[in-house]
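> Mind looking at a prediction? Sequence and model below.
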Amino acid sequence: MLQSLFQTLNFGEQRGLGMTDVEFGAQQAARRPHRTELYEAPPSWCWPIVYSPEYNITFMGLEKLHPFDAGKWGKVINFLKEERLIADDLIVQAREATDEDLLVVHSRRYLNKLKWSFVVATITEIPPVAFLPNFVVQRKVLKPLRTQTGGTIMAGKLAVDRGWAINVGGGFHHCSSDKGGGFCAYADITLAIKFLFERVQGVSRATIIDLDAHQGIVKRDELVFRAARSRGVPVLMVTSGGYQKRTARIIADSILNLHSLGLLGRQQAACALGSPSLDHMVRDSAKDFSNLSLQ
């Protein structure tokens, strides 16, 4: 099932999402990194957990017209606070991705399409959005998604720096460079990978692991983190999919489980980037991941 609760990136093998290998390689070769605020270092005392209250989508009750829980991200944070895992001053505050950030993957033509409310209504599967002025749609619907996208890009860099990171949002895996859908307007996963390829020495490959959203997969998240962390491979978790009312609790329980097992910590990571044995570790990890049951 493509819809996922957690999608985890470990930086091994990667292909351009939503474009051919030729298009991806040509685009990559033509670009030079632009100036961005998304790679600015957060305070050292923060956990590599990225979030912003801007993630949550609320506007005159329209969010209730979709079966997704458009406020699940704030609920995850509240559950983690109740368990005293985190506090506001320990969270890395996500920043909104700018147009220049988004153009690393998306075409200008696609970003211009999002200036039409009916296009956004189709992508988000909320028909009444088509009748709203686009400035309202930009502020109340797309800005939260751009902020989550910025959070995924930030978390990618944090994963390399700290060994792991979690964006309590993002994971918009139905979006490609020139087309959105399934509540996914921006290709944050591809963006996170491309930012790393362009800006972080030693990162040239990535693996995307898409886990089932709808069954409560605490154990599978644990297996993925064990495989990656034991090999020194940086791992990034994003929290797309599974927008039912109970999903926020499942996500929080999985993060709490990872912490209780010692798989999450604030210490700086000794990652294997640039190591000649990295390819072997990635291949070993891939074997472990391929054995995860989807039943």
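That came in fine, so what should we check first?
> From the chain's centroid, how far away is the top helix by length along the chain?
Counting by DSSP state H, the longest helix found in the chain is helix 143-162. Remark: helix 143-162 is offset 7 Å from the chain centroid, using Cα atoms, centre = their mean, to the nearest Å.
> Below-threshold pLDDT in the protein: ranges please.
Along the chain, the parts satisfying pLDDT under 70 run over 1-31, 59-67, 212-217, 241-244, 266-295.
> thinking again about what came up before, which helices and strands does the longest helix of the chain pack with?
For helix 143-162, the elements it packs on are strand 49-51, strand 92-93, helix 99-102, strand 164-167, helix 188-199, strand 235-238, judged by 3 or more Cβ pairs under 8 Å, 6 or more residues apart in numbering; DSSP states H and E. For every residue, glycine as well, the C-beta is placed using N, CA and C.
> just the CA coordinates of the third one, formatted as PDB?
Extracted in PDB, the C-alpha atoms of helix 99-102 (Å, rounded to 0.1, in the frame of the first residue of the first chain):
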ATOM      1  CA  ASP A  99       9.700  29.500  -4.300                       C
ATOM      2  CA  GLU A 100      13.400  29.300  -4.900                       C
ATOM      3  CA  ASP A 101      13.600  26.300  -2.600                       C
ATOM      4  CA  LEU A 102      10.700  24.600  -4.300                       C
END
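> Which strands or helices does it pack on?
Helices and strands touching helix 99-102, by 3+ Cβ pairs under 8 Å, 6+ apart, are helix 143-162.
> Flag every buried residue along the helix it packs on.
144-162 (16 or more other Cβ atoms under 10 Å).
> got it, and stretch 259-268?
Per 16+ other Cβ under 10 Å, stretch 259-268 contains these buried residues: 259, 263, 264.
> do the same with stretch 111-129
Result for stretch 111-129 [16+ other Cβ under 10 Å]: buried residues 113, 114, 117, 119, 120, 121, 122, 123, 124, 126, 129.
> Same check on stretch 73-91?
So for stretch 73-91, counting by 16+ other Cβ under 10 Å, buried means 73, 74, 75, 76, 77, 79, 80, 85, 86, 91.
> Stretch 186-203 too?
186-197, 200, 203.
> can you redo those residues as TSV with distance to residue 40?
Formatted as TSV, these follow (distance: Cβ to Cβ, whole Å):
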residue	distance to residue 40
186	20
187	22
188	18
189	21
190	21
191	16
192	16
193	19
194	18
195	13
196	15
197	19
200	14
203	18
